[in-house]
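Q: Kindly return the folded structure for what I paste below:
(one chain, ligands or ions: 1)
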Amino acid sequence: MMCIYCDKQVKEGGINRFKAHLAGQKGQVEACKKVPADVQYQMKQLLEQFEKNKKRKVQEKSDESNTFEIDEDPIIHSLFLLCSLWIILDETTYK
Ligand SMILES: [Zn+2]
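A: This next block holds a predicted model:
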């Protein structure tokens, strides 16, 4: 997968690493230097939401009285994909 902004190749980790690259998340991958601020902000928001969701799920699981559980991960994941798709569409529309 190649970054649409800086042409950097993000080979391993697929879409998740690509999102970390766009969000400028430190650790896994080098942050994108050319990503527009609004896209970077959106990616950060999505990643934070994803992390919160994971933590909440762990808490729910440790509470034995709470048997009601909705797996929201697929929804969040499709949000990520939609966002990535939107970025790609946006990029191709204005070029
Ligand atoms: Zn990039």
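Q: can you tell if the lengthiest helix in the chain touches the ion?
A: Longest helix in the chain, counting residues (DSSP state H): helix 37-62. No. Helix 37-62 lies out of reach of the ion by CB under 5 Å from the ion, never closer than 9.9 Å. All C-beta atoms are positioned from the backbone trio N, CA, C, and that covers glycine.
Q: list the helices and strands that helix packs on?
A: helix 14-23, helix 73-93 (3 or more CB pairs under 8 Å, 6 or more residues apart in numbering; DSSP states H and E).
Q: Near the ion, which residues of this structure? Just list them.
A: Checking the chain against the ion by CB under 5 Å from the ion, the hits are 3, 5, 6, 8, 32.
Q: give me that answer again for 6 Å
A: Residues of the chain lying close to the ion (CB under 6 Å from the ion) are 3, 5, 6, 8, 21, 32, 34, 35.
Q: now those in CSV, with pLDDT and secondary structure?
A: As requested, these are exported to CSV (pLDDT from 0 to 100; DSSP: H, G, I helix; E, B strand; the rest coil):
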residue, pLDDT, secondary structure
3, 86, coil
5, 89, coil
6, 92, coil
8, 84, coil
21, 88, helix
32, 91, coil
34, 93, coil
35, 92, coil
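Q: Among these, name the buried ones.
A: Those of the residues of the chain next to the ion that meet the buried threshold are 3, 5, 8, 21, 32, 35, by 16 or more other CB atoms under 10 Å.
Q: wait, residue 10 sits on residue 29?
A: Yes. With contact defined as CB atoms under 8 Å, residue 10 reaches residue 29; the gap is 6.4 Å.
Q: what touches both of the two?
A: 17, 21 (CB atoms under 8 Å, 6 or more residues apart in numbering).
Q: List just the nearest of the residues of the chain next to the ion to residue 52.
A: Nearest to residue 52 among the residues of the chain next to the ion, counting by CB to CB, is residue 21 at 20.9 Å.
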